[in-house]
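**Student:** Generate coordinates for the sequence data below:
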Amino acid sequence: MTGAAQVVIHGSGPAGAACALALARAGVDGVHLMGRRDPLAGQGAIGESIPPDARGLLDRLGLWQAFLEQGHEPCLGSCSTWGGATPGYNDYLLNPQGSGWHLDRGRFDAFLCRQADHAGVTLLPEEKGAPASQPRFVVDATGRSSVLARRAGARQIALDRLTFVYGFFDLPPAAVHSRLTFLEAVRDGWWYAAAIPGRRMAVAFASDADTVRDASLARESTWLRAAFSTRQIAACLGGARFVAASLVARVVPSFLLDRVCGARWLAVGDAASCFDPLSAQGIYKALADGIAAAHAIAAALATGSDLDASYQHAVQSRFTEYLANRNYFYGLERRWPDAPFWQRRHARTALGGVF
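**Tutor:** Take a look at the predicted model:
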């Protein structure tokens with residue numbers, strides 16, 4: 001469907017696609033979704049997951065049953081060695097929403113865009129540029145770069161900056177793999193492992209850039225030795241085969257924009273605020289932001305007004321809650337008081353510098 005653009009959304013990841021779909025479900029015409037390609041999407045993007053509560057968001061988008069048909073990997077909870085040597089468990093057995101899900105990000109992102117297309121959203125490749133007509137509202141869903149928001153004068157107020165080094169393993173055909181997420185704190189950071197669709201295991205190490213550089217942890221051989229020197233993560237990898245050339249290092253910041261919206265623009269997902277992957281809330285936050293942004297835009301279109309401050313307050317409130325949880329969980333780990341990684345995490349408890 002084509003026509004005059006009322007809303008142009010830049011970025012077709014989960015936040016942008018959810019915003020577009022929610023607008024279409026609300027009866028808003030002229031929604032244009034500008035696609036961008038995330039080179040990590042087809043690789044599972046560190047085995048990202050959604051918690052059981054995401055079912056409510058997918059229900060609001062009218063997608064729950066269609067989502068189930070996509071065949072993502074159930075996540076039954078987590079097992080973490082954190083704050084002590086004894087593993088602790090958090091399972092979803094009694095959660096009324098059921099299990100969580102480990103996602104195939106490429107498939108999930110394509111699914112959301114396809115559903116938006118079916119709902120009447122106009123999908124356009126980013127390289128073609130925005131529609132010629134002046135839209136009423138613009139949505140920044142460009143991810144951590146916050147391209148449009150920063151162009152509008154917003155600033156990223158920094159909390160932290162991790163370096164993630166991650167790779168993938170093929171699981172043995174006959175192996176019965178766990179459906180838990182695994183987390184293990186070590187002296188120089190923490191490890192993550194989770195099964196993803198396609199009988200693969202995503203494994204990631206989070207640390208500081210100087211530690212990764214000085215220990216050569218972005219080198220495949222060094223990273224593999226470190227992974228197999230762990231206790232919990234190494235136990236997940238029995239019989240698994242590392243996927244050659246799959247190792248990737250990338251920076252993962254935590255920040256909040258000082259302004260997530262203006263009169264006729266707003267930012268969603270990681271463009272508005274970025275959480276530490278420890279929170280496992282990135283995709284959930286993206287969907288929630290997209291729905292909330294669509295509600296704010298639809299209300300403004302209905303009244304012919306500019307955006308009010310309600311969306312800004314909602315994003316700030318969620319970040320405040322995240323910050324308290326993040327500080328609590330990092331504060332639990334006190335086994336290495338002299339280790340720079342943990343000293344830095346214990347010190348960085350409030351928003352600080354500007355990127």
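**Student:** C-alpha coordinates for stretch 97-111, PDB please?
**Tutor:** What follows is stretch 97-111, C-alpha atoms only, in PDB (Å, rounded to 0.1, in the frame of the first residue of the first chain):
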ATOM      1  CA  GLN A  97       2.400 -16.700  30.800                       C
ATOM      2  CA  GLY A  98       4.300 -19.900  30.200                       C
ATOM      3  CA  SER A  99       7.900 -20.100  28.900                       C
ATOM      4  CA  GLY A 100      10.100 -17.500  27.500                       C
ATOM      5  CA  TRP A 101      11.700 -17.800  24.000                       C
ATOM      6  CA  HIS A 102      15.200 -17.800  22.500                       C
ATOM      7  CA  LEU A 103      14.800 -16.100  19.200                       C
ATOM      8  CA  ASP A 104      16.200 -16.600  15.700                       C
ATOM      9  CA  ARG A 105      16.500 -12.800  15.300                       C
ATOM     10  CA  GLY A 106      16.600 -12.900  11.500                       C
ATOM     11  CA  ARG A 107      13.400 -14.800  11.400                       C
ATOM     12  CA  PHE A 108      11.800 -12.800  14.200                       C
ATOM     13  CA  ASP A 109      12.600  -9.400  12.600                       C
ATOM     14  CA  ALA A 110      11.400 -10.600   9.200                       C
ATOM     15  CA  PHE A 111       8.200 -11.900  10.800                       C
END
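**Student:** Averaged pLDDT, it. What do you get?
**Tutor:** Stretch 97-111 carries an average pLDDT of 91.
**Student:** same thing with stretch 235-255?
**Tutor:** Stretch 235-255 comes out with an average pLDDT of 94.
**Student:** Just the buried positions in it, please.
**Tutor:** Under the neighbour-count criterion of 16 or more other CB atoms under 10 Å, stretch 235-255 has C236, L237, A240, F242, S246, L247, V248, A249, V252, P253, S254, F255 buried. The C-beta positions use only the backbone N, C-alpha and C, and glycine is treated the same way.
**Student:** Hmm, the first one is touching F182, no?
**Tutor:** Yes: counting by CB atoms under 8 Å, a contact exists between C236 and F182, whose distance comes to 5.7 Å.
**Student:** beta partners of V186?
**Tutor:** Beta-bridge partners recorded for V186 (DSSP bridges): G189.
**Student:** mind checking pLDDT for it?
**Tutor:** Reported pLDDT for V186: 98.
**Student:** And it, how close does it get to N90?
**Tutor:** V186 is 20 Å from N90, where distance means CB to CB, to the nearest Å.
**Student:** Quick one: distance of stretch 82-95 to the chain centre.
**Tutor:** 22 Å (CA atoms, centre = their mean, to the nearest Å).
**Student:** re earlier: which one of V186 and N90 is surrounded by more residues?
**Tutor:** V186 (22 against 11; other CB atoms under 10 Å).
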